[in-house]
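K.L.:
Make a model of this:
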Amino acid sequence: MPDVFYRGIAMKFNCCSRRSVSVLPFLLIPALLFASSISAQDVMDQVEHKYADSDGVSIHYAKMGSGPLMVFIHGFPDFWYSWRHQMAGLADQYTVAALDTRGYNLSDKPGGEANYDMTLLTADVAAVIRAEGESSAVVVGHDWGGGIAWSFAAAYPQMTERLIIMNLPHIKGLQRELASMGQQHSNSQYARNFQQPDSHENISPAGLAMALSQGDDALREIYLAAFENSSTESMMNYYRRNYPREPYVGGPWAELPRIQAPVLQFHGLNDTALLAPALNNTWEELEQDWTLVTIPGVGHWPHHEKPDMVTNMMRAWLSLHE
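P.N.:
Numbering: from 1, shown residues only. You can find the predicted model right below:
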């Protein structure tokens, strides 16, 4: 397990790649010296707001930078601004486009559980790529955005150049752990609660904004505005329609094709919602390289909790897989 030392800080990465175990951490050292000329605070003012039509559903995305296209997909609860640090850090080399997934912020909020089927969520990503005049992109996802990203890469292999996942094990690994009726099953009670018909009535924009802002009043106001413009029922429909249900065998995930693109996967080991054992045997679902970065002391939001480390690791890995 290699350590990378930078300015007196020891950062430990557990890295596993089907081609190489040790190359990436050592090449990361010069990447850690990179500093963006754009701050995360500037991103809100500098992005261009655009819309893609996904079979009649308007999908908003925020775009900045120039170069090859990267598409970012947020999770629950969040919106495009989740990726502000990565957008600021990568816009010098990439066109970065961060979605509001359907139901959130400036995207449409169609009613009904069926309108949040995974086939439609992945089609939304394809619509954004096409709206940018591209045929493929680097796809990045966190939490539900990670689930969409895994599914997109499986369903649209020709449109997925490289895949980056944050704190969402491959769905087959998650389903396996749920079926074992162990700790993951217990820790997923929240998801079963979310699947109940009236669960959205117990969720407030103010509560979500408070949870994500971590005492930052300015950030709380940004999140509050976005969540007040979102649908909590839509948020719950992701769980009702797509989250695995007992007995956790079969279903749409069982037939998910193997991923054809190289994969970089981050996982904060303090995540209590999505436990690390679900990462086991991920390579069985992949055709190319898998680089796993596990981060001790970090929870469910590595791109928020360690933004510079995550962004610079992404930059280094992307340079190895051009």
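K.L.:
correct me, but residue 60 touches residue 109?
P.N.:
No - judged on Cβ atoms under 8 Å, residue 60 makes no contact with residue 109 at a distance of 11.1 Å. For glycine as for every other residue, the C-beta is placed from the backbone atoms N, C-alpha and C.
K.L.:
Strands along this structure, start to end?
P.N.:
Under the criterion DSSP state E, the chain carries strands at the ranges 3-6, 9-12, 14-16, 48-54, 57-65, 69-73, 95-99, 137-142, 160-166, 263-268, 290-295.
K.L.:
Can you redo these as a markdown table, where the extra columns are mean pLDDT?
P.N.:
Conversion of the strands of the chain to a markdown table gives the following (pLDDT from 0 to 100):
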| stretch | mean pLDDT |
| --- | --- |
| strand 3-6 | 28 |
| strand 9-12 | 31 |
| strand 14-16 | 44 |
| strand 48-54 | 99 |
| strand 57-65 | 99 |
| strand 69-73 | 99 |
| strand 95-99 | 99 |
| strand 137-142 | 99 |
| strand 160-166 | 99 |
| strand 263-268 | 98 |
| strand 290-295 | 96 |
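K.L.:
now stretch 159-179, how far from the centre of its chain.
P.N.:
The gap between where stretch 159-179 is centred and where its chain is centred comes out at 10 Å by Cα atoms, centre = their mean, to the nearest Å.
K.L.:
give me the low-pLDDT residue ranges for this structure?
P.N.:
Scanning the chain for pLDDT under 70 picks out 1-40.
K.L.:
can you pull out the helices in it?
P.N.:
Per DSSP state H, the chain carries helices over the ranges 23-31, 40-46, 84-90, 118-131, 144-155, 171-179, 183-187, 189-194, 205-213, 217-228, 232-242, 302-305, 307-320.
K.L.:
just so I know, which of those lies nearest residue 103?
P.N.:
helix 232-242 (2.6 Å; Cβ to Cβ).
K.L.:
Show me what that closest one is packed against.
P.N.:
Where contact means 3 or more Cβ pairs under 8 Å, 6 or more residues apart in numbering; DSSP states H and E, helix 232-242 is packed against helix 118-131, helix 189-194.
K.L.:
Count the neighbours of the closest residue to residue 157 other than its chain neighbours for me.
P.N.:
Distances taken as Cβ to Cβ, 6 or more residues apart in numbering place residue 260 nearest to residue 157, at 4.1 Å, with adjacent residues excluded. Residue 260 is flanked by 15 other residues according to other Cβ atoms under 10 Å.
K.L.:
for residue 260, what are its contacts?
P.N.:
By Cβ atoms under 8 Å, 6 or more residues apart in numbering, the residues touching residue 260 are 153, 157, 160, 287, 288.
K.L.:
quick one on the thing from earlier: what's the most buried one of the helices and strands packed on helix 232-242?
P.N.:
helix 118-131 (a mean of 20; mean count of other Cβ atoms under 10 Å).
K.L.:
Other residues contacting that one?
P.N.:
50-55, 57, 59, 61, 69, 71, 73, 97, 99, 101-102, 135-137, 139, 147-149, 151-152, 155-156, 159, 238, 241-242, 252.
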